[in-house]
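Undergrad: Sharing a model that was predicted from the sequence below.
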Amino acid sequence: MTVRALFAEDMLLGRLFTGIGRSPKAVVAAIVCIILLFAAVIGPYLTPQNPFDLAVLDILDSKLPPGSQSMDGMNYWLGTDGQGRDMFSAMIYGLRTSLGVGVFSGLVALIVGTVLGLIAAYFGGRIDTLIMRVVDLMLGFPTILVALMLLALLGQGLWKVIFALILVQWATFARAVRSAALVEKNKDYVEAAVTLGIGTPRILIGHILPNCLPPLIVIGMLQVANAISAEATLSFLGIGLPITEPSLGLLIANGYQLLMSGEYWISVYPGVLLLVLVFSINIVGDRLREVLNPRLGER
Amino acid sequence: MTPVLEVKNLSTHFMTRRGILKAVDDVSFTVGQREIVGLVGESGSGKSITGFSILGLVDPPGRVVSGQILFNGEDLLTKSPTAMRAIRGKRIAMIFQDPMMTLNPVLSVATQMIETVQAHDRVSRAEARARSRDALGLVGIPSPEERLDSYPHQFSGGMRQRVAIAIALLHRPDLIIADEPTTALDVTIQSQILFEIKRLAGEFGMALIWISHDLGVVAALADRIMVMYAGRIVEAGQVDGVLTTPVHPYTSGLLSAVPAAVPRGEPLRPIPGFAPSPLSRPSGCAFRDRCARATDICATEPMLEIAADREFRCFHPHLWSAA
Amino acid sequence: MTVFVIRRFLQSIAVLIVTAVIVFIGIYAIGDPAEMLIAPDASPAERAQVVASLGLDKPLWEQFFTFAWNALHGDLGRSFVFNRPSISLIFERLPATLELTLTGLVFALLLGIPLGLLSGLKPNSATDEVIMTGSIFGFSLPSFWQGMMLIMIFSVWLGWLPSTGRGQMGEFLGLHSSLFTLDGLTHLILPAINLSLFKLSLVIRLTRTGVRETMPLDFVKFARAKGISERRIVFVHVFKNILIPLITVIGLELGSMLAFAVVTETIFAWPGIGKLLIDSIMRLDRPVVVAYLLVIVSLFIFINFVVDVLYSLVDPRVRLGGAQ
Amino acid sequence: ANLILGSGTEPSAIDPQFSRTGNNQNIAMQVFDRLVQTDPAINVEPALAVSWTNTDPLTWQIKLRDGVKFHDGNPLTSEDVIFSLTRAKDIPNSPAPFSGNVGAIESMKAIDKLTVEFKTKKPTPDFIEQVGFVYIVEKKVAEGASIEDFNSGKAAIGTGAYKFKSWTPGDNLQLTRNDAFWGKKQDFDNVTIKFISNDASRVAALRSGAVDLIDAVPPGDVKTLQGISGLKVFSIASARMIYLALDSARDKSPFITDKEGKPLDKNPLKDAKVRQALSELVNRQLIIDRILDGSAEAAGQLVPNGVAGNDPSITVPAMNVENAKKLLADAGYKDGFGITIHTSNDRFPGDSEVAQALGQMFARGGLKVNGVVAQPYNVYTKGAGAGEFSAFIFSLGNSTPTSATGLRNLLMTVNKDAGTGSFNRTKYSNPAFDDAMRAATAEFDVKKRVELLQKATKMVFADVPVIPLYWQKVHWAGKANLSYVANMTEDTSATLAGIAK
Amino acid sequence: MTNPRVETVPLIEAVDVSRRFSRKLDYAEKIANLFGAGLEEKTVHAVDEVNLAVYPGEVVGLVGESGCGKSTLGRVMAGIMPASGGEVRWKGRPLTSLHGEDKRAMRLSAQMIFQDPMSTLNPRKRVIDLIGEAPKVHGIVKGREMRDYVAALAERVGLDPSYLDRFPHQFSGGQRQRIGIARALAVKPKLLVCDESVAALDVSIQAQILNLFMDLKREFGLTYLFISHDLGVVKHICDRVVVMYLGRVVESATPDELFDNPKHPYTQALIRELPSVTDRRRVFTPIKGEIPSPLHPPPGCHFHPRCPMAFDRCRVERPVLKETAAGHVSACHLNDLATHQATHATAEPVI
Ligand SMILES: Nc1ncnc2c1ncn2[C@@H]1O[C@H](COP(=O)(O)OP(=O)(O)OP(=O)(O)O)[C@@H](O)[C@H]1O
Ligand SMILES: Nc1ncnc2c1ncn2[C@@H]1O[C@H](COP(=O)(O)OP(=O)(O)OP(=O)(O)O)[C@@H](O)[C@H]1O
Ligand SMILES: [Mg+2]
Ligand SMILES: [Mg+2]
């Protein structure tokens, strides 16, 4: 399969790209996403400071307004937070964390949810009932309660938050995959594959799954945005990430108290960055929804 | 007698991303009063779009780009949306192909019928209901009063199609356009519907355009037949004539492709090749690539020729001794 | 219908049991309620007395079965903190939350459906673009941030609206609610908006998608062919079809709004059950958490039940009682 | 005039004896009275009792105030006092009962309508400080009353400055003035206390005018509020000490590592020199200035100046990195060691920030800070109690007139039966200090008692059992036309508010 | 035309095969029944005790109304769906006795071709994979040889091999059906079950595909079970036609015999109502009534409510298949009446 073929207009990827390409809004959003992703990946090379290293922080520099200079002459373009962290560095690192949390938890939840959803749809019966009841239960439980319990069980930390988010998200995917797979399962091509003696795992993964992908991509995209928001909310409620390694959400939450006392930059800048990030992911996801929905896609 | 409908040089195009799609291209025909006209042609040849063009229901990005549609002498294309709405359902009715999809699944049959009555006539609900019930009776639905309050899913396909026909009959229109109304149905049910329609058209004196790709059905029903190919009418004439002595090579190709045309077990005689993509139709005769008789001249536009009992567009028509 | 009710009932019981078990284990995992509750300087005798009176000295499974036994008799236990029946604590605050969520929901619907129709009927127009892009905001802003901004703008800077608590209560037809006084209404506006922004976006989107999916269907064209007015087509034919997904989602969302009003209630000091929940989790007030979840889950179940019934009213094809 | 008060905390019940936690007392003190009460600097002053004398070490006579009437019009009698002090022991399910306060009582007897005689089990010098803080309810009303009766107001009949009107849990509590109050006449006809737990919301409520007065103003907002005309801030340094507890008793500590992060076999915190060094690495004033916006006073002992037991000769340890490094080297940790600091994140203002700042300072002193872990209090308190941490932040509020209770709970050897060391989460044990404390608490002479306490304090803090950081300042803020008595006990009560003259 | 029946062992044979679809009562419904709700299990007898033998090289047509169980019977015979009663025999051996390699071989030997070519082709696979996947999975070809193998097959069914890397939606209906056929041929089947395989196609393309079927039969000696409701098509290519009504076989004969001398009133109606270009009838005399629900089939002869000639016996007794002429069987009580009466049965029914 050549690369060109992958991007052929009829292929999934091709449709993604041409679909996004046709909306200027989506192009801008996609570019923003890519820039932010890039910034997150090369973060440590971009920032003047490692904001996670307590030894380089100095509370003498705390709450400096944007543009101030540090003791040793470094410029804090976006100011510093209460611990004397350079806001710019903290935001880039926070972006890393937030995106990482969002993408990673979204991805794992997608895989777990997809597998369980496929199993539920294809085998039906008791397995289906069992999985779907668990899904209902999961969707019914408040995120915070789940997160808090996990936090208590496992201790605090990045991976635990990710784990909690996975636990909360997989059910959404499972439900979506199941409903898509239920439709696909009854299509003749599945029966044709059965007739041809193709084994069940192969049918599930090679035949049914690819046809369930479009809604999944969309939900996945939006879930990443959701997860980033959710992590921020958890941090706001004080059960998120380690405080010495703040995510965007934690930065906002930390600065929240200071918002009214005039030290706006501590909360507003990360807030704006979070907004831009989630907003552009949502715009891209939205566009994908339009493109990948065969009934709504451009004729 | 003036014809009920006179379509002159109708062209309906779809402005798609990939280019202009000429779904209906310079089509002209007339439908006389009480006449049943069959419109046949293969899938995608523009039959439905012709029907929708008449009713002014072509969905964007489609548009009637030129021509005239004279209904009882008035040009429908110049009418305002409100005026068109007053005509639709009242004087021209349409029946769609798929009986499962034409009725709104969440509204009762009564609602869907009564609203049609009340959309055109200022009558009380009770009266509208009575008229609806009578219409259901007309199309042969047993105990119409009780069935009125049913929902579409409670009917079988054949009965739903009969409900659609009853709706079309509510205002005794001058013209009914039936777009493949029996394609989705069984042979036995199809023949019930054909029977019903034919009886009612006769009874009410309605004209009928019957769209189908089943030559057999049209043969059984219509007075006149029009054959479409790639957006154009390639041959039109009395049913008996066209089916026994087809002039256009496409018509004759169609007729000889049916199984009954050759002895049992013999190979069938399909028309070779495929219809051109509607987006890239060659200029000139669209059929020439598949036509055994084609010559260089076919690359130019064939004119509509009008013979005694026949109209056709072809440079090399079959000339039957009778014609 | 009977079958439907029976099935629902049995499933509900199973769900409720599982919920209770999870909460018991969960709270046990988080911490020791006694540690949170009892003054640290209490003497061992005092401590033992309180622990015993709360039943915390027994093994977890025994506590669970005591709870289950009492629950069967309609007693969901007394709050560790308030020493009052947890169920009455919840019912005391449920009206405030219901008031908030329902107002939020109504707001989302009243605004969302027309906007959704507007953009769905004119896809890709400028109006559509504006509405759709705007609706993304609803998804993008974390709820707590929205709430903060609302307070900053409308109460602190502009001083138009109060930012905390529930206003004065009025009485109407025997119902007590802050909906019936001006003061109450002004208090309700900001939290209701905060809670409904997300749902508003959702409703807009659902409606728009519904319109766009329904408009090309044959029956719409058939209705046009019958000469029905465009208004009736949109508001009767199309709308009733859109209602189906809308009802499902609204049902789900009402449930989640109820459960997740936590953030809004925290920010706006709204005396509802969301705040009670977070406080109770923080204080490890297990009877309240259990009772809360049981009530919420029951409410979910009830809402789902209503949704299904509504569903069958709107969509005649759906029959209650058929297996899923 | 009416008062709307925005409070960060909410009572769990109206029954004044249900729990002696601050949130409940704040409400109780407005509706009910105690035998004695404290002034802003935690000095005892008479309330329902006008005098108390001990005729012998085991006998006390308390004289009640004459003419005090309950809200229902009945006069206060000795019977009510005896009933209340008896009832305090057996409130069902009370999580923080007053039983400790009445534990010393052997028997009670009404001498006349206004005199009660007590027999104690053993000599109890601070007897009045114990029984004096129990709220007095009316026997006739409270006998057999359930907690719901109090919550609904039926049994919420006290002698206090305000009468209970209604309580809407989670939302507000309403009071009206008691015109028959025995004390100072209150300025407000009606008082509404709104419960606004979120700090920013509470501040916003004041700024938007929705409330007249708020408590627990976050330190970061103090400056802003002061800058707003029409608003006023009332501050005081409280007797709440914030400290870093060090796991000093065990041979191995869970979060102590070597520089590479591998667990260390030895526990450096056992060495007083190391503890001393850590204390000297902390720049208390910097933390106060930068993190708490000045809302604290640097601490070197348990209670601040003004509270009995404070030893003025103990200075606040100054930051001295050089000396600290030397101390570490002396103790055999020239290159430092690894440590993780734990903290709650929702217990008191700036808890997690302070922990991070400590982390920074330790790191600068050459320690390897493996992390600063912040947890919600419910999770945190379990871990702290179970000895899961090595260095962790806690606070200790002192609401009694002397430092005795605090010292006993925090630093004396853990002994459940003797009731010592209840907050001693690190199991610190210093027998000499224990002896000194026992001597101090047995002393009837007030002056001598305080001297003994000071001696014990000096002795124990020289050993750095915990690292005292600062005493929190507490702030109230209100409209400029109001006055508020800022108090060290952190009480929020309408009785402390008034209309500014 | 040779008579394939001289071979004694049918390639595939259905013996008293029934297929029921039933929905069991769940716990809630059972409980409701305890309270007297009187709920019953709903059972559809999609196929009801059908006997049908297909001999090697034979083309058997299966006609009947929608929902009469044609597809279900086809599936059961192709081994995709188990029978719920009776047994299916492959070369004389019951399918249930086949295991392992035998079973797989049988499964591959019986292939199905469906009505809607688009829906049977996975829209996300290229032609090469659509056709080549199964032979590769089953080791019929090696990975490297696959392209050639598929190309050869494509050529055989009249597809341009240069299209192998396209997706199904890039083809026309007729081409898609060819892809479906090539896919079935790729595993070297003996039996093709064609389920309405030409119904969705235009006349001309239908003719092309039917020609292809006939060619393949000649070339590979394939056996066909040809399901259709179009009698015209069936008549043209089949050696034998079986008529089903509501789950039961009501008549079976050679096409000539069946069209000339239909015995069952239902068959007669079908033949009469078949619209035809050549034989234009302008009078319609449809069978009255709707197709009854298979959930509650009428007792006795399933056709009696719509049968113009029904009499009392039809309402109670199920007619059995009887041979009326050589190789012509039908299930109708009229067969038992005097022969001269039976010939009258073609009289125009009243509506
Ligand atoms: N909404 C549309 N957008 C773009 N092209 C369209 C649209 N509707 C129809 N067409 C094109 O117009 C042409 C004529 O379509 P039409 O539906 O009239 O065919 P038809 O003869 O009715 O075929 P069938 O027998 O399949 O119903 C086709 O090529 C079709 O692809
Ligand atoms: N999986 C199934 N579950 C339940 N009922 C089924 C199932 N498959 C088929 N049926 C029922 O069995 C009967 C026969 O169906 P079948 O598909 O065999 O009919 P058919 O003759 O092929 O019809 P058509 O011509 O419409 O394809 C129908 O009533 C159908 O509803
Ligand atoms: Mg059409
Ligand atoms: Mg079928």
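TA: Nice, thanks for sending it over. Ligands and ions are numbered 1, 2, ... in the order given.

Undergrad: Any idea which residue of chain D lies closest to chain B?
TA: Here the residue of chain D nearest chain B is D:Gly170; by C-beta to the nearest C-beta that distance is 42.9 Å. Where you see a C-beta, it was placed from the backbone N, CA and C, and this is true even at glycine.

Undergrad: is it fair to say that residue lies in a strand?
TA: No - using DSSP: H, G, I helix; E, B strand; the rest coil, the assignment for D:Gly170 is coil, not a strand.

Undergrad: any idea how far the closest residue to it other than its chain neighbours is from C:Ser178?
TA: In space, and not counting its chain neighbours, D:Gly170 is closest to C:Pro271: 3.1 Å by C-beta to C-beta, 6 or more residues apart in numbering or on different chains. According to C-beta to C-beta, to the nearest Å, C:Pro271 stands 10 Å off from C:Ser178.

Undergrad: swap in D:Trp60?
TA: From D:Trp60 to C:Ser178 the distance is 52 Å (C-beta to C-beta).

Undergrad: And E:Thr96, by the same measure?
TA: Distance of E:Thr96 to C:Ser178, computed by C-beta to C-beta: 71 Å.

Undergrad: Name the spans of chain E whose pLDDT lies under the cut-off.
TA: For chain E, residues meeting the criterion pLDDT under 70 lie at E:1-7, E:37, E:278-284, E:338-351.

Undergrad: So which bits of it are right by chain A?
TA: Residues of chain E lying close to chain A (C-beta under 8 Å from any C-beta of the partner chain) are E:78, E:80, E:104, E:107-108, E:110-112, E:114-116, E:119-125, E:133-134, E:137-138, E:165, E:167, E:169-170, E:180, E:183-184, E:187.

Undergrad: try 6 Å this time
TA: Residues of chain E lying close to chain A (C-beta under 6 Å from any C-beta of the partner chain) are E:80, E:104, E:107-108, E:111-112, E:114, E:119-122, E:124, E:134, E:137, E:167.

Undergrad: Provide a list of residues in contact with E:Gln115.
TA: By C-beta atoms under 6 Å, 6 or more residues apart in numbering or on different chains, the contact list for E:Gln115 reads E:Asp195, E:Glu196, E:Ala199, E:Ala200.

Undergrad: what's in contact with stretch D:401-416?
TA: Here stretch D:401-416 makes contact (C-beta under 6 Å, 6+ apart) with C:41, C:44, D:42, D:44, D:129, D:302-303, D:308-309, D:396, D:398, D:420-424, D:427, D:429, D:434, D:437, D:441, D:453, D:460, D:465.

Undergrad: scratch that, stretch A:28-41
TA: Applying C-beta under 6 Å, 6+ apart, the set of residues contacting stretch A:28-41 from outside is A:Ile20, A:Leu95, A:Arg96, A:Leu99, A:Leu277, A:Ser280, A:Ile281, A:Ile283, A:Val284.

Undergrad: can those residues go into TSV with extra columns for secondary structure and pLDDT?
TA: Shown next, in TSV, are the contacts of stretch A:28-41 (DSSP: H, G, I helix; E, B strand; the rest coil; pLDDT from 0 to 100):
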residue	secondary structure	pLDDT
A:Ile20	helix	71
A:Leu95	helix	89
A:Arg96	helix	88
A:Leu99	helix	88
A:Leu277	helix	87
A:Ser280	helix	88
A:Ile281	helix	84
A:Ile283	helix	84
A:Val284	helix	84
